[in-house]
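In: Using only what follows, build the 3D model:
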Amino acid sequence: MKKRQTHGFSLIELLIVVAIILIIAAIAIPNLLRSKMAASDSAAAETIRLLDTAQFTYATNFPQLGYAATFTALGPNPATCDSSAFCLIDNVIAATPTGPSPKGGYKYWLLPAAPTAVGTIPDYAFTAEPQNLNTTGTNVYCSTSDAVLRSQRDAGLVPTAPGAAVPIAVCKTATTYGALKN
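Out: Sure, this is the predicted structure:
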């Protein structure tokens, strides 16, 4: 009696393999998205810290001006670095004067305080907000001249006014924005 030889896979075997691959993907993809959001959150927090450092450097070099009133003043200058473009931050954030400047799934804003009588900017607020909450990031960050990085999510709240810079007084209010827990 001659045995029948089969070549290839049956339809059932192929369906089982596809089902296994889909199960693995269903487990892996949400973890990948959470990891990407966590990376975006960390990058946004680090960018706010970098912007704070840029402001302190600017204020130290130009005490008569105080803090920079725009991202452009902190950003690159093709000719030479001066008070109008001090070469402290990259051109992505410095592309707009006060924001929104999109970078890495977040939008960044700068809200300077009103100038003093002699024209010095005494304070500022930086804001970093996810472009799509719970898709590109999970936290709304802010910081002022006290250099404390604050997060609205850590304070137990969700953003109430998305798409705008956080005012200095609101950022400093502990019931609205809590200091970031490192």
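In: Could you point out the helix or strand that follows the helix ranked longest in the chain?
Out: Identified as the longest helix of the chain according to DSSP state H is helix 11-61. Downstream of helix 11-61, the next assigned helix or strand under DSSP states H and E is helix 71-74.
In: Can you name every helix or strand that the helix or strand following that next one contacts?
Out: Counting by DSSP H and E, the next helix or strand C-terminal to helix 71-74 is strand 101-103. Other helices and strands packing on strand 101-103, by 3 or more C-beta pairs under 8 Å, 6 or more residues apart in numbering; DSSP states H and E, are strand 106-112. The C-beta positions use only the backbone N, C-alpha and C, and glycine is treated the same way.
In: Next, the angle from the strand it packs on to helix 11-61.
Out: With axes from the mean of the first three to the mean of the last three C-alpha atoms, to 10 degrees defining the directions, strand 106-112 sits at 20 degrees from helix 11-61.
In: what's the model's confidence in the helix or strand following strand 106-112, averaged?
Out: Following strand 106-112 in sequence order, the next helix or strand is strand 124-130 (DSSP H and E). Mean pLDDT, computed over strand 124-130, is 94.
In: how far does strand 124-130 sit from the chain's center?
Out: A distance of 8 Å separates the centroid of the chain from that of strand 124-130, by C-alpha atoms, centre = their mean, to the nearest Å.
In: what element comes up after that strand heading to the C-terminus?
Out: As assigned by DSSP H and E, the chain's next helix or strand after strand 124-130 is strand 141-144.
In: Strand partners (parallel or antiparallel) of that following strand?
Out: strand 124-130 (antiparallel), strand 150-151 (antiparallel) (DSSP bridges).
In: quick one: contacts for the residue nearest the centre of the chain?
Out: Nearest to the centroid of the C-alpha atoms of the chain, with distances taken as C-alpha atoms, centre = their mean, sits Ala44, at 2.9 Å. Residues in contact with Ala44 (C-beta atoms under 8 Å, 6 or more residues apart in numbering) are Gly104, Gly105, Tyr106, Ala128, Pro130, Gly137, Asn139, Tyr141.
In: For the helix or strand bottoming out on mean pLDDT in the chain, enumerate the helices and strands it packs against.
Out: Least confident helix or strand of the chain, by mean pLDDT, DSSP states H and E, is strand 178-179 with a mean of 84. In terms of contacts (3+ C-beta pairs under 8 Å, 6+ apart), strand 178-179 is packed against strand 150-151.
In: I am finished for the moment; much appreciated.
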